[in-house]
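Student: 3D model of this:
(one chain, ligands or ions: 2)
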Amino acid sequence: MLDNKSKYTQRIKAEAKRLGFLSCGVSKAQFLEEEAPRLEKWLNNNMNGEMRYMENHFDKRLDPTKLVEGSKSVVSLLLNYYPEEKQNDTSFKISKYAYGTDYHFVIKDKLKSLLHFIQDDIGEVEGRAFVDSAPVLDKAWAAKSGLGWIGKHSNLLTQQVGSFYFIAELIIDLDLEYDARVTDHCGTCTACIDACPTQAITEPYVVDGSKCISYFTIELKENIPTAFKGKFDDWMFGCDVCQDVCPWNRFSKPHNEPLFNPHPELLAMSKKDWDEVTEDTFKKVFKKSPVKRTKFLGLKRNINFLKE
Ligand code: SF4
Ligand code: SF4
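Tutor: Residues are numbered from 1 along each chain as shown. Ligands and ions are numbered 1, 2, ... in the order given. Coordinates of the predicted model:
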């Protein structure tokens, strides 16, 4: 006979599936012992560049019980964003995760629905939802919960569906049945390290965020250092190279979330169109997309950097 912990865990996982999440795994909410020295070393080596927010809340980032009082479990969820259609080959590129509506809104709604389900179905459960938010080490939690392993490019990946998905969490005060890690299947492969246009993967499993194209094109507010000129491989917002070359992404399957579909014009635009892009077109094509984060002038800066 199933005990309550197992029953609740199964019901939560079934509801996560019904809501459209790719998978759901659970870990005990506790201090992330293994990640603590790694995060500290990464920050001490300034691999966060100007992303100073990563230095904040160090204790809370490593211990969910400090972030959400009384929490017992971290429920990790994956949501697929791999698109059926891609930008045309003659275009400057944006990362596939940013094609459609900003994932924060899409996932937050689903997480809220899952939390309400738990509260209706199980009882008085308190918790908080997190989507790509600075205080939670989402990849570490997803790996701990058996949803995949962290590859040499430092993304979470699986043998079944590769790595093109968002990661989100519910941190709740309910005891659940916890999942075990899966094995690392990177083996002797070094495809991501070899293909990175800026050599940002300085050693297996270590990405120097301050050299990554995603950082330069999205996070960096100042001018992009000229030393990186000609190295961006036409990426104007984010970069998917290390994921695109990963052999496990042969198994990526298109998402079925209409909100992640791109504006048709985004797929049709060429480099010339981007070069001449107006603020009106920017607003239309990226109406609800995460690309809005760079603002029109930020994207123009990136395009100019690619052209000059
Ligand atoms: S996202 Fe691009 S620049 Fe960053 S580590 Fe991967 S391949 Fe390198
Ligand atoms: S490209 Fe190879 S080394 Fe890199 S994450 Fe994928 S399997 Fe691992």
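
Student: ok, stretch 213-224 near ligand 1 or not?
Tutor: Yes. Stretch 213-224 reaches ligand 1 (C-beta under 6 Å from any ligand atom) through Ile213, Ser214. The way it works is simple: take the backbone N, C-alpha and C, and place the C-beta from them, glycine included.

Student: helices of the protein, start to end?
Tutor: Applying DSSP state H to the chain gives helices spanning 4-18, 35-44, 58-62, 64-67, 103-121, 138-144, 191-195, 213-214, 241-244, 264-268, 271-275, 279-285, 295-307.

Student: nearest to Ser91, out of these?
Tutor: Shortest separation from Ser91 across the helices of the chain is recorded for helix 271-275, at 6.1 Å, computed as C-beta to C-beta.

Student: wait, Val291 sits on Gly298?
Tutor: No. If you go by C-beta atoms under 8 Å, Val291 and Gly298 don't touch, sitting 9.0 Å apart.

Student: so between these two, which is more surrounded?
Tutor: Between Val291 and Gly298, counted using other C-beta atoms under 10 Å, Val291 has the larger neighbour count: 25 against 18.

Student: export the helices of the chain as CSV, with columns for mean pLDDT and distance to Gly25.
Tutor: Formatted as CSV, those follow (pLDDT from 0 to 100; distance: least, C-beta to C-beta, whole Å):
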stretch, mean pLDDT, distance to Gly25
helix 4-18, 96, 8
helix 35-44, 82, 16
helix 58-62, 80, 19
helix 64-67, 91, 15
helix 103-121, 95, 13
helix 138-144, 95, 7
helix 191-195, 98, 23
helix 213-214, 96, 25
helix 241-244, 98, 20
helix 264-268, 94, 33
helix 271-275, 95, 39
helix 279-285, 96, 35
helix 295-307, 95, 35
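
Student: and those as JSON lines, adding distance to Thr202?
Tutor: Compiled in JSON lines, the helices of the chain are given as follows (distance: least, C-beta to C-beta, whole Å):
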{"stretch": "helix 4-18", "distance to Thr202": "35"}
{"stretch": "helix 35-44", "distance to Thr202": "10"}
{"stretch": "helix 58-62", "distance to Thr202": "22"}
{"stretch": "helix 64-67", "distance to Thr202": "29"}
{"stretch": "helix 103-121", "distance to Thr202": "28"}
{"stretch": "helix 138-144", "distance to Thr202": "18"}
{"stretch": "helix 191-195", "distance to Thr202": "9"}
{"stretch": "helix 213-214", "distance to Thr202": "15"}
{"stretch": "helix 241-244", "distance to Thr202": "13"}
{"stretch": "helix 264-268", "distance to Thr202": "33"}
{"stretch": "helix 271-275", "distance to Thr202": "31"}
{"stretch": "helix 279-285", "distance to Thr202": "34"}
{"stretch": "helix 295-307", "distance to Thr202": "23"}
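
Student: relative to ligand 2, which of those is closest?
Tutor: helix 191-195 (3.3 Å; C-beta to the nearest ligand atom).

Student: buried set for that closest one?
Tutor: For helix 191-195, the neighbour count (16 or more other C-beta atoms under 10 Å) marks Ala191, Cys192, Ile193, Ala195 as buried.

Student: just checking, what packs against it?
Tutor: Here helix 191-195 touches helix 241-244, going by 3 or more C-beta pairs under 8 Å, 6 or more residues apart in numbering; DSSP states H and E.

Student: tell me what the helix it packs on is packed against?
Tutor: Applying 3+ C-beta pairs under 8 Å, 6+ apart, one finds that helix 241-244 contacts helix 191-195.

Student: name the residues of this protein found near ligand 2, please.
Tutor: So the chain meets ligand 2 at 151-153, 157, 186, 189-192, 245-248 (C-beta under 6 Å from any ligand atom).

Student: now the end-to-end length of stretch 15-33.
Tutor: 30 Å (C-alpha to C-alpha, to the nearest Å).

Student: quick one: buried residues of it?
Tutor: Neighbour-count burial for stretch 15-33 [16+ other C-beta under 10 Å]: 15-16, 19-27, 29, 32.

Student: okay, those residues in a markdown table with distance to Asn304 next?
Tutor: As requested, the buried residues of stretch 15-33 are exported to a markdown table (distance: C-beta to C-beta, whole Å):
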| residue | distance to Asn304 |
| --- | --- |
| Glu15 | 47 |
| Ala16 | 43 |
| Leu19 | 41 |
| Gly20 | 38 |
| Phe21 | 39 |
| Leu22 | 37 |
| Ser23 | 41 |
| Cys24 | 43 |
| Gly25 | 43 |
| Val26 | 46 |
| Ser27 | 44 |
| Ala29 | 46 |
| Leu32 | 41 |
